[in-house]
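[1] what's the 3D shape of this:
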Amino acid sequence: MLRFLIFSDLDGTLLDHHTYAWTPARPALRLMDETDTPLVLVSSKTRVEIESLRIELGNRHPFIPENGGAIFIPAGYPLDPPPAAVDLAPYRAVILGRRVEEIAIAFDRLAERLPVRALSRLDPVEVAALTGLTIEQARAARGREFGEAFLLDDPGIPESELVREVEALGLRLTRGGRFYHLLGENDKGRAVRMLADMYRQRQSPLITAACGDAPNDAPMLAAVDRPFLVARPDGSHAPMDVPGMVRVPLPGPAGFNQAVTGLLAGPSSGIDS
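    Numbering: from 1, shown residues only. Next comes the predicted model:
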């Protein structure tokens, strides 16, 4: 029987942009359980943040934190990681991003040139005020391992200038729903392709799908067979051009629910590209 493998962004996709609620996605999550369809969480969030959400969702599958910084495969999960994988109990981990210590040195150089503030260096109270997270969740968001999330405090500085400064440091820039992200060669697409290949070694044929909402999701959407871009809270869509991409009219977890239930139920979903 033909099976699906589904990847999903979190903030603004599976999680509501403002409330972080996932309850509108319950029907899709239930259908995935019933059809034994794996859901891989792919986010700019940290490992600790995703671990907490996995417990809440009852999700036992691998996950990808920090914009593809690593792939974490639970011990005993039926996949064969590549030889480069390392033991980080309770996972086998494939490290794809640069370590945060290296990123931090580069960020200091960037901060000498532009008015930027690192998420990891903000007080948890300030992070909570900026994001709507609880203080405990804000602390987890600060514990980054493979990159740095940051704010650009001068809206008059064009993004092209920020890109030039980041590239001069030998790093890459991407943008999520709230923050810019400073990272190495990793992105969501590279990690998704690698993990999908591991699944295909065990299960073939396999159709991959992904849901996202922001520019940093574009590499992930380009890496799968069925890409879905959910709407932003105002009903618009992030500007991106991915072949075959379906623009889902609903935002956040309602959009995720519409995309996934339509995908698993067949072509009668009523979603147009």
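
[2] Strands of this structure, start to end?
    3-8, 39-42, 63-64, 70-74, 86-88, 91-95, 116-118, 148-152, 172-175, 180-183, 206-212, 226-231, 246-251 (DSSP state E).

[3] With distance to M198 and mean neighbour count added, can I get these in TSV?
    Backbone N, C-alpha and C define where each C-beta goes, glycine included. Shown next, in TSV, are the strands of the chain (distance: least, Cβ to Cβ, whole Å; neighbours: other Cβ atoms under 10 Å):
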stretch	distance to M198	mean neighbour count
strand 3-8	10	22
strand 39-42	11	26
strand 63-64	12	26
strand 70-74	8	22
strand 86-88	15	12
strand 91-95	9	19
strand 116-118	33	19
strand 148-152	27	20
strand 172-175	24	19
strand 180-183	22	24
strand 206-212	11	24
strand 226-231	19	25
strand 246-251	26	19
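
[4] And those, which one averages the lowest pLDDT?
    Among the strands of the chain, strand 172-175 carries the lowest mean pLDDT, a mean of 90.

[5] Against L171, how distant is the nearest residue to D154 once chain neighbours are set aside?
    Closest residue to D154 apart from its sequence neighbours, by Cβ to Cβ, 6 or more residues apart in numbering: P115 at 5.0 Å. Going from P115 to L171 by Cβ to Cβ, to the nearest Å gives 18 Å.

[6] got the contact list for the spatially most central residue of the chain?
    Nearest to the mean C-alpha position of the chain, counting by Cα atoms, centre = their mean, stands S43 at 2.0 Å. With contacts defined as Cβ atoms under 8 Å, 6 or more residues apart in numbering, S43 is in contact with 9-11, 49-50, 63-67.

[7] what do you get if the cut-off is 10 Å, keeping everything else the same?
    8-11, 13-15, 49-50, 53, 63-68, 176, 188, 212, 216-217 (Cβ atoms under 10 Å, 6 or more residues apart in numbering).

[8] Ok, L15 next?
    Taking Cβ under 10 Å, 6+ apart, one finds 8-9, 21-22, 25, 41, 43, 45, 53, 177, 252-253, 256 in contact with L15.

[9] Fine, thanks again, bye for now.
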